[in-house]
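Colleague: Sequence and predicted structure below; questions after.
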Amino acid sequence: MSNDTNTQPGTIGGDPGHIPLLWENIDTSRVNQYISPLRNESMPEAFSALARGAEDETSLRLPQHNELYIVRHFTRLAAANFSIDSNMYPLGSCTMKYNPRVNDSLAAETGFAAVHPSDALKAQGSLEALYKLQQALARLSGFDTVALSPAAGAQGELTGVMMMRKYHESLGDYGRTTVLVPDTAHGTNPATVAMCGMKVRTIPSNESGQVDLAQLDELLDESIAGMMLTNPNTLGIFEKDVMEICSKVHKAGGLMYGDGANFNAIAGIVQPAALGFDVMHFNLHKTFGTPHGGGGPGAGPVGCTSQLRDFLPGPLIREERDSFVPYNPEKTIGKLKTGFGNFGVLLRAYAYITGHGVDGITTNSEMAVLKANYLRNILASRLPAYHDTPTMHEFVASNPLKNGVSTMDIAKMLLDKGFHAPTVYFPLTVKEALMIEPTESESFEEIEAFAYALMDILDTAEDNPEQAHSAPVTTRLGRLDEVSANRKPVLRHKL
Amino acid sequence: MNFSGNEARRDEILSHLGHEKISDLFLQVPSELLYPDIDISSGLDEQSLGKHFQELSAANGPSLGGLRFQGGGFYHHYIPAVVDYVSSMGSFTTAYTPYQAEVSQGTLQSLFEYQTYIAEITGMEVVNASHYDGATAYAEAFRMMYEANRRKGKRILVYSSISREYSEILDTYLQFTEAQIEYRDLFSRDGRSGEIEIPSDCAAVSVSLPDVHGRVAEIRHLAEMCKKAGTLLHIHGDPLLMSVISSPGQLGADVYTGEGQVLGIPVNLGGPYLGIFAVSGKLLRKIPGRIAGETVDTMGKRGFVLALSTREQHIRRERASSNICTNQGLMALRALVYMSAMGRDGLQTVARRCIHNAHYLIEGLRDLDSVSIDEPDALHFREIRITCDYSVDKLMKYAETQGITPGIPVDKNSILVSTTEIHEKEDLDSLIALFHTLSRQEG
């Protein structure tokens, strides 16, 4: 290997933080150091007719940097990110808890990562881990069976809603094509219903931030396939009437879908199946601490009652005599993802569950709820929770400022204080919403620091709205113009 | 193990909040259901957890080692160490979807660079920030084309043999639509003789390069037919192969999807992988998933944001183009680091070695009477399907005694053999020798 260097321009236009795109210092003189070309290479005749021609030459302008350049480039990019590792990241509904390093290092071992899906039967260790993860998730949730293959929460939802539709169809009931979705639900809920060719009926929330039972009664009829409910909901409120809701939907002939996005509040505390849910997805990247990866990969396993288990997507794992074998349920909705799902993520979640045990998982849920309540309590005088109802693992407040300072302004001011912002403008039922989830990982002291920073920000913004509008000022880049990014989209570097 | 922070102040905080015990926090939960018995063991310390995983890993022994020629859509390629190094940086792994752009420039610029690499390789105009895997990108592409061009008709022609897994996933995704999928084959007599007809009620045509048997078809004629018929053309292509053949954009594709696992991602029992999804400019508002876009800050400095989110579920809810929320950010980063480290030269070297090796096998087996190779004169990328006079079962058993896994059995007499740059000439010679030995035994 050769170690010659090329220059990474540190300052362009007097901006020391500027990180050039990989093309902006293009050097095509280097050959790759990883794979040597064959000396006696021979290409078949058929290749010449298909080969990338001269007219394509301008469309394969890929730089060839040496490895030091690459490492520096990405090290500098990494430093331009906030992350759980560097900053508190109280992004509501995303459960940005600590991701234990041991899980990453165990999952990266060649003994797991190098197994080809066609060798699954010979990889009994991997199948055992999957089997035990299925079992652990089933026991935590109270469901009969769990399928691990859905690749993300949204794909878990797709799985569950398809299962509901197939279930009704299997009974010869083709008229159930409407799904009830609360107005506080994640956008993925209604989008999933639409992808399954069904209609959405929205249930408004009541003053306490929960499903309005009277409204629910009115919306239930014979066209109902079921209802999707997040519990605790996106306001961080445990639906007090959840058992009654489930029983009403069941009486109307519908099924209850649980969106498990907020399972971190109740794992070990209460089982969704016992509350009356029929099918639910888990977000392993939230509750079970697998890294969010800048937006994936996640994993969205789905658990269900014995009534629905035959509809689950394969492969599931079962124990037969002395070995673990994959199988597909009888009336399966079909496969949704190649191989065994996001195995690398599943393995990390299995390590998380095995390492924590039921005691650790329960403690984490308790601490997640305690810490959210403590944060709510400190902020009560300045940024009260929107609803008076008890808080679980997160709470939602409405921007109290009336002087033109927006929720976005507050979010950007938090960045200046070294905190990632909460989720903003969601749920849609709360005007100028801030949705705050500290997670169990943050110490009480860090939570206090965050609360005082937030109150300080509100004071500053009240007195000096102009300062609020101009945040952030400590980040290398000031506020970015999203409007023009949409009006004249530039989605790749122009070469 | 426990990572929920300092416990010391727990009781102090509890009483500060006016509670006596921790269960007071769960007053909304039906009390009779609180704290159920859950049959899961207590936690382990890190050392014991490591030991448990070592045992599991050891039990995987039979699936590893020896000479392996399996593919079927997922391949062993060499992964430079720098890929693992960069993609395990905590600042990338423990960040989330870049909602706050000013403190997420690392993720956003990486995604923008990833999009640019894929656009260069495929010749497509718009690339999203990734999808779950190649198969889900494939299936969602069909949904998108069906929605975008449904006024033409409900039929979609698949002009390539695809794997059973792909067709199952496609069926799952399309089961509640009225789309009609019809399978054809460019290597059948009809497809080859240029007698392709595109029906007028056809919304889209899809081809895979290579197809499930490693064959790479010449599709210029088909592409012209699609253009004339006003039908959308979808190419599902291997990104490494795309670096050495005419690009989908050049061929006139409206939609490109691909499995990005081959770009620096281990096979890992099926995931996480990387779904590559790209479209021509006219489908800009139809493409599902996140996209990074360039913009400027208040001082005019360049920066990146998530663009065009009005297509997406968190804004449009039931009217969104898909329910997809996150992408496979970290896998897109792996692919980007892989592509940037390899460079154009490296990507093309790998692709050419895959072609060279596949044809080296073809030439080594061509004259053997006891086996026949599917389309030996077509361009093959990595893979060939070999049909034997004897049973594949016999082949597999004998191969095992030689420490070789020769491929993935397709049916009683056929096997799909896959080779990449990880195989040296001697490895290929061993595989060829295996078939020769069996041939002599049969003879």
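Modeller: Noted; the coordinates are in hand. Numbers count the residues shown, from 1 in each chain, chains lettered A, B, ... in the order given.

Colleague: Could you use CA atoms for every contact and neighbour count after this?
Modeller: Will do.

Colleague: list the contacts for A:Asp183?
Modeller: By C-alpha atoms under 8 Å, 6 or more residues apart in numbering or on different chains, A:Asp183 lies in contact with A:202-205, A:428-429.

Colleague: Could you tell me the per-residue confidence at the residue lying closest to it once chain neighbours are set aside?
Modeller: Leaving aside its sequence neighbours, A:Asp183 sits nearest to A:Pro204 (C-alpha to C-alpha, 6 or more residues apart in numbering or on different chains; 5.4 Å). pLDDT, A:Pro204: 95.

Colleague: Could you check how far A:Pro204 is from A:Gln210?
Modeller: A:Pro204 is 9 Å from A:Gln210, where distance means C-alpha to C-alpha, to the nearest Å.

Colleague: The two: who's more crowded?
Modeller: A:Gln210 (26 against 18; other C-alpha atoms under 10 Å in any protein chain shown).

Colleague: could the contacts of A:Asp183 go into JSON lines alongside distance to B:Leu108 and secondary structure?
Modeller: What follows is these, written out as JSON lines (distance: C-alpha to C-alpha, whole Å; DSSP: H, G, I helix; E, B strand; the rest coil):
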{"residue": "A:Thr202", "distance to B:Leu108": "34", "secondary structure": "strand"}
{"residue": "A:Ile203", "distance to B:Leu108": "36", "secondary structure": "strand"}
{"residue": "A:Pro204", "distance to B:Leu108": "36", "secondary structure": "coil"}
{"residue": "A:Ser205", "distance to B:Leu108": "36", "secondary structure": "strand"}
{"residue": "A:Leu428", "distance to B:Leu108": "26", "secondary structure": "coil"}
{"residue": "A:Thr429", "distance to B:Leu108": "29", "secondary structure": "coil"}
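
Colleague: which among these end up buried?
Modeller: Listed as buried from those are A:202-205, A:428; burial here means 16 or more other C-alpha atoms under 10 Å in any protein chain shown.

Colleague: ok, and what's touching stretch B:233-247?
Modeller: Residues outside stretch B:233-247 that contact it (C-alpha under 8 Å, 6+ apart) are A:50-53, A:56, A:60, B:121-123, B:138, B:204-210, B:223, B:226, B:248, B:252-260, B:262-263, B:344, B:347-348, B:350-352, B:381.

Colleague: try stretch B:271-281
Modeller: Contact partners of stretch B:271-281, identified using C-alpha under 8 Å, 6+ apart, comprise A:297, A:338-345, B:119, B:124-128, B:130-137, B:141, B:249, B:253-261, B:265, B:287, B:328, B:331-332.

Colleague: and the lengthiest helix in chain A, what does it pack onto?
Modeller: Using DSSP state H to assign secondary structure, the helix with the most residues in chain A is helix A:343-379. Contacts defined by 3 or more C-alpha pairs under 8 Å, 6 or more residues apart in numbering or on different chains; DSSP states H and E place helix A:343-379 against helix A:101-107, helix A:124-141, helix A:284-287, helix A:444-463, helix B:46-59.

Colleague: what's the most buried one of those?
Modeller: Neighbour counts (mean count of other C-alpha atoms under 10 Å in any protein chain shown) averaged over each of these peak at helix A:284-287, with a mean of 27.

Colleague: Now that one - C-alpha only, CSV.
Modeller: Presented in CSV, the C-alpha positions along helix A:284-287 are these (Å, rounded to 0.1, in the frame of the first residue of the first chain):
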residue,chain,number,x,y,z
LEU,A,284,-36.2,-2.8,19.1
HIS,A,285,-34.2,0.4,18.4
LYS,A,286,-36.2,2.2,21.0
THR,A,287,-37.1,-0.2,23.9
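
Colleague: just to revisit the earlier point, and the residue nearest to A:Asp183, what is it in contact with?
Modeller: A:182-183, A:211-212, A:215.
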